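**Q** the following comprises the amino acid sequence and a computationally predicted model.
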Amino acid sequence: MANGFVFYRGPSMIDGKPIIAVATGTERGSRNGKTGGGLIQTWILREDMSPVAAVNSGEDASICGDCPHRGTVVSGKNTGRSCYVTVFQAPLVVWKAATQKALYPTLSPVEAGKAVDGRAVRLGSYGDPAAVPAEVWKALLANVSAKAGYTHQWRRFPALADYCMASCDSEADHAAAKAQGWRTFRVRLATEALKPHEIVCPASKEAGAKTSCDACKACGGHTAKARVDIAIIAHGAASKVNAYASLRAA
């Protein structure tokens, strides 16, 4: 039995180019200790090219918009990328399974919602949820137990505030997102203090990994029970942390 399904195939809401959205983990959960094994993952990908090719050509703008972590394309190669997602791993595997091997059935948004009834869902394990129509997310998430979503496109897509946190990479971002009514998830430098009403991500090593994303349920925008904002110190591979520090210094 397939471990997922396609729930959207069509134009990106960001730039109109062809994308595909795939949910995985319906039969076998993730091994990611932070997010938790019970979380349905969703992958937003260019349908017509691999995620590796998209990143190295700049065509990932269709699924990532103007996210500052995308890096810069120089002579067909991406440099200075601070995104934590390693595209030649899970995103490439999912893309091949969906587009090259046709391993996942295609479900309508309503059918997809029934398939994840009572489950916890992450919007955009790779890719920005803004690329997928808001009405598709509304149908998919109609009866889930929890959701976790993050968008760097919060300035353009206010309807996502019900399901997503505004991804913020500076104090100025945080202030602007709060002024527009968003709950926020802010990546900060170790030298930066928490803002009022912010807490450290409870699933992070920084907080002692007190819980997992599927159990925490805080990052679901305005439809989550939580009302606090979330923050985390930049972490992960040294190259990614250094790229983030350079981004902030620019």
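**A** Alright, I've got the coordinates.
**Q** look up how far Leu39 lies from the residue of the chain positioned farthest from its centre.
**A** What lies farthest from the middle of the chain is Ser75; by CA atoms, centre = their mean that is 27.5 Å. Taking CB to CB, to the nearest Å as the measure, Ser75 falls 38 Å from Leu39. Where C-beta positions appear, they are placed from N, C-alpha and C, glycine not excepted.
**Q** was I right to think Cys168 contacts Arg186?
**A** Yes: assessed by CB atoms under 8 Å, Cys168 is found in contact with Arg186 at 4.2 Å.
**Q** low-confidence stretches in the chain?
**A** Along the chain, segments meeting pLDDT under 70 span 1, 29-37.
**Q** next, name the residue at the spatial heart of it.
**A** Nearest to the mean C-alpha position of the chain, counting by CA atoms, centre = their mean, stands Gly124 at 3.3 Å.
**Q** what about the residue lying closest to it once chain neighbours are set aside, neighbour count?
**A** Distances taken as CB to CB, 6 or more residues apart in numbering put Ile44 closest to Gly124, at 5.7 Å, once the chain neighbours are dropped. Other residues lying near Ile44 total 26 when counted by other CB atoms under 10 Å.
**Q** same deal with Glu192?
**A** Neighbour count for Glu192, taken as other CB under 10 Å: 15.
**Q** chain neighbours aside, what residue packs nearest to it?
**A** In space, and not counting its chain neighbours, Glu192 is closest to Glu171: 7.2 Å by CB to CB, 6+ apart.
**Q** how far away is that neighbour from Ala177?
**A** Taking CB to CB as the measure, Glu171 falls 11 Å from Ala177.
**Q** so for those two, which sits in the more crowded spot?
**A** The residue with more neighbours, out of Glu171 and Ala177, is Ala177; 22 against 13, by other CB under 10 Å.
**Q** all strands for the protein, in order.
**A** Under the criterion DSSP state E, the chain contains strands at 4-11, 18-24, 39-46, 72-74, 77-79, 120-123, 146-151, 165-168, 184-188, 198-200, 229-233.
**Q** dihedrals phi and psi, the nearest residue in space to Gly80 that is not next to it in sequence?
**A** Among residues not flanking Gly80 along the chain, Gly71 sits closest, at 4.8 Å (CB to CB, 6+ apart). Phi and psi for Gly71, reported as degrees, to the nearest 10, are phi 90, psi -170.
**Q** so what's the residue count around Gly71?
**A** Counted by other CB under 10 Å, the residues lying close to Gly71 total 20.
**Q** touching, it and Lys77? I think so.
**A** No: Gly71 is beyond contact range of Lys77, at 9.4 Å (criterion: CB under 8 Å).
**Q** just to revisit the earlier point, residues contacting the residue nearest to Gly124?
**A** With contacts defined as CB atoms under 8 Å, 6 or more residues apart in numbering, Ile44 is in contact with 19-21, 63, 124, 126-129, 131-132.
**Q** same question for Lys195.
**A** By CB under 8 Å, 6+ apart, the contact set of Lys195 is 171, 174, 186, 229, 231.
**Q** name the nearest of the residues you listed relative to Lys217.
**A** Distance to Lys217, by CB to CB, is smallest for Asp229 among the contacts of Lys195, at 14.9 Å.
**Q** any idea how far that closest one lies from Leu39?
**A** 21 Å.
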